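Visitor: Predicted coordinates and the sequence they were generated for:
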Amino acid sequence: MIFSIGLRPMEGATDVNDSGSRSSKTFKPKKNIPEGSHQYELLKHAEATLGSGNLRMAVMLPEGEDLNEWVAVNTVDFFNQINMLYGTITDFCTEESCPVMSAGPKYEYHWADGTNIKKPIKCSAPKYIDYLMTWVQDQLDDETLFPSKIGIQPY
């Protein structure tokens, strides 16, 4: 079975170069939340409740907080965590050792973003992850989706 992930980035997303990569071998978190900001306080609240063992409490919107800001802070944090996790396996999943993005022998993933790559393409697992992480980073950097200024509503 073949799955195509057809993600459509918003207009103005950055192009991925011909090699499918604009990043180094290991991903590094690029979206930082400034210390002392309101978003930083929300992140600290999320980190404190996440260790409580109560997942429902960890994801619950804190009283009096803006839902969009809460979702944005947690989305950026999740992306940064995934970047770090992926960075730990880059030496073990290479173009040679992982020539296809798959979930076992029966499931294969092909990449398409609907803009730069319209028709799904077969690619190695590292290239697929690079395409995906680049696409997500572009979404996080898009001010119309994730405004960096407090109180600005996304479109």
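Guide: Perfect, I can see it now.

Visitor: ok, and for the lengthiest helix in the chain, which residues are buried?
Guide: Identified as the longest helix of the chain according to DSSP state H is helix 67-87. For helix 67-87, the neighbour count (16 or more other C-beta atoms under 10 Å) marks 69-70, 72-77, 79-80, 82-83, 86 as buried. In this view, the C-beta of every residue, glycine as well, is placed from N, C-alpha and C.

Visitor: try stretch 119-127
Guide: Buried, per 16+ other C-beta under 10 Å, within stretch 119-127: 120, 123, 124, 125, 126, 127.

Visitor: any idea how far it is from the chain center?
Guide: Offset of stretch 119-127 from its chain centre (C-alpha atoms, centre = their mean, to the nearest Å): 17 Å.

Visitor: Quick one: mean pLDDT over it.
Guide: With pLDDT averaged residue by residue, stretch 119-127 scores 96.

Visitor: if we can go back for a sec, who are the packing partners of the longest helix of the chain?
Guide: helix 38-50, helix 125-141 (3 or more C-beta pairs under 8 Å, 6 or more residues apart in numbering; DSSP states H and E).

Visitor: thinking again about what came up before, farthest pair in the buried residues of helix 67-87?
Guide: Of all pairs drawn from those, the greatest distance, 26.1 Å, lies between 69 and 86 (C-beta to C-beta).

Visitor: pLDDT below threshold where in this structure?
Guide: Applying pLDDT under 70 to the chain picks out residues 1-32, 48-52, 150-155.

Visitor: State the distance from residue 111 to residue 101.
Guide: Relative to residue 101, residue 111 is positioned 8 Å away (criterion: C-beta to C-beta, to the nearest Å).

Visitor: Over to residue 58?
Guide: With C-beta to C-beta as the criterion, residue 58 and residue 101 are 30 Å apart.

Visitor: again with residue 119
Guide: 16 Å.

Visitor: go on, residue 40?
Guide: From residue 40 across to residue 101, the span is 35 Å (C-beta to C-beta).
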